[in-house]
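Participant: how would this look folded up:
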Amino acid sequence: MLRTKDEVFEKFKEFKKMIENQKEKKIKIRRSDRGGEYFSREFSTFCDNIINQNILDKCIIITLRN
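Facilitator: Numbering: from 1, shown residues only. The predicted structure follows:
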C-alpha cells in the first residue's frame, strides 16, 4: 500500500521488474487519465520506451465510433 504519491515511481519500478521476470515480457503500454499527479519527470523518462495511452482519449474514440 502506498502512503504518499511520491512512492509511486519506486513501486512501479518494483512492479515492472517483477512482472517482466515472471512473464518474460516487457510492459508496452502505460494508461493514464492525464492527471499527472503520480508522474514525475524522472518517472516519465523511465517510461520513454513505454507507449502512453490516455484514458480520456480512448473514451472519446469509443464515443465517436458508436
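Participant: what helix or strand is the most centrally placed residue in the chain on?
Facilitator: Closest to where the C-alpha atoms of the chain average out (CA atoms, centre = their mean) is residue 30, at 3.4 Å. Residue 30 is part of strand 29-32 when elements are defined by DSSP states H and E.
Participant: give the other helices and strands that that strand contacts.
Facilitator: strand 51-54, helix 55-65 (3 or more CB pairs under 8 Å, 6 or more residues apart in numbering; DSSP states H and E). Placement of C-beta: from N, CA and C, glycine included.
Participant: mean pLDDT lowest where, among the ones you listed?
Facilitator: Note on the helices and strands packed on strand 29-32: helix 55-65 shows the lowest mean pLDDT, a mean of 51.
Participant: could you list the residues in contact with stretch 21-29?
Facilitator: 16, 19-20, 50-53 (CB atoms under 8 Å, 6 or more residues apart in numbering).
Participant: identify, from these, the entry nearest to residue 38.
Facilitator: Residue 38 lies nearest to residue 52 out of those, by CB to CB, at 12.7 Å.
Participant: pretty sure that closest one sits against residue 32.
Facilitator: Yes. Using CB atoms under 8 Å, residue 52 makes contact with residue 32 at a distance of 6.4 Å.
Participant: apart from its chain neighbours, what residue comes closest to residue 20?
Facilitator: residue 26 (6.0 Å; CB to CB, 6 or more residues apart in numbering).
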